[in-house]
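Student: no FASTA, just this:
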């Protein structure tokens, strides 16, 4: 009986019979690399009056003293079918939840990136698009944005 012997940091492991098709003293083929982690997807639902452009989102990454961590980048993965979405640098108020350590920043105008949606003329109904947000710290997420134009 042949045994496969693997040495890992000077620890000798006896793993049992050698797998079929491998030569004695060689390791089995390496496993395929693990897939890259998939960023989370967060749904976002907004309502916009027909005929108006509205800021429906604001992205900012802040330190606990409410200073910015750096610029946030947003890419459109799938454009809206019945309107357009634009992004521009702006100062605005963030909206952190009550349990967030950054909730005090909600009372301060901070630099970030505003998201403005405007429906095509005469459109009324639901429009959707997808964005990918990249934060200054290298984290990111996708968002499925659903806009109800009324």
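Tutor: Ah, there it is. The shown structure was predicted, so the numbers you read here are calculated from the model rather than taken from an experiment. Numbers count the residues shown, from 1 in each chain.

Student: helix, strand, or coil at residue 54?
Tutor: With DSSP: H, G, I helix; E, B strand; the rest coil as the basis, residue 54 sits in strand.

Student: what's the burial count for it?
Tutor: When neighbours are counted by other CB atoms under 10 Å, residue 54 registers 16. Where C-beta positions appear, they are placed from N, C-alpha and C, glycine not excepted.

Student: gap between the nearest residue to it once chain neighbours are set aside and residue 136?
Tutor: Excluding the flanking residues, the one nearest residue 54 by CB to CB, 6 or more residues apart in numbering is residue 48, at 4.7 Å. Noted for residue 48: a distance of 28 Å to residue 136, by CB to CB, to the nearest Å.

Student: ditto for residue 90
Tutor: 16 Å.

Student: would you confirm that residue 114 contacts residue 88?
Tutor: Yes - at 5.7 Å, residue 114 counts as touching residue 88 under the criterion of CB atoms under 8 Å.

Student: for these two, indicate the residue with more neighbours.
Tutor: Between residue 114 and residue 88, counting by other CB under 10 Å, residue 114 is the more crowded of the two (17 against 9).

Student: which of the three states applies to residue 136?
Tutor: Look at residue 136: counting by three-state DSSP, its state is coil.

Student: for the closest residue to it other than its chain neighbours, what are phi and psi?
Tutor: Of all residues not flanking residue 136 in the chain, residue 70 sits nearest, at 3.2 Å (CB to CB, 6+ apart). Taking degrees, to the nearest 10, you get phi 140, psi -180 for the backbone angles of residue 70.

Student: tally up the residues packed near residue 70, please.
Tutor: In terms of burial, residue 70 registers 10 neighbours under the definition other CB under 10 Å.

Student: mind checking how far it is from residue 62?
Tutor: Per CB to CB, residue 70 is found 10 Å from residue 62.
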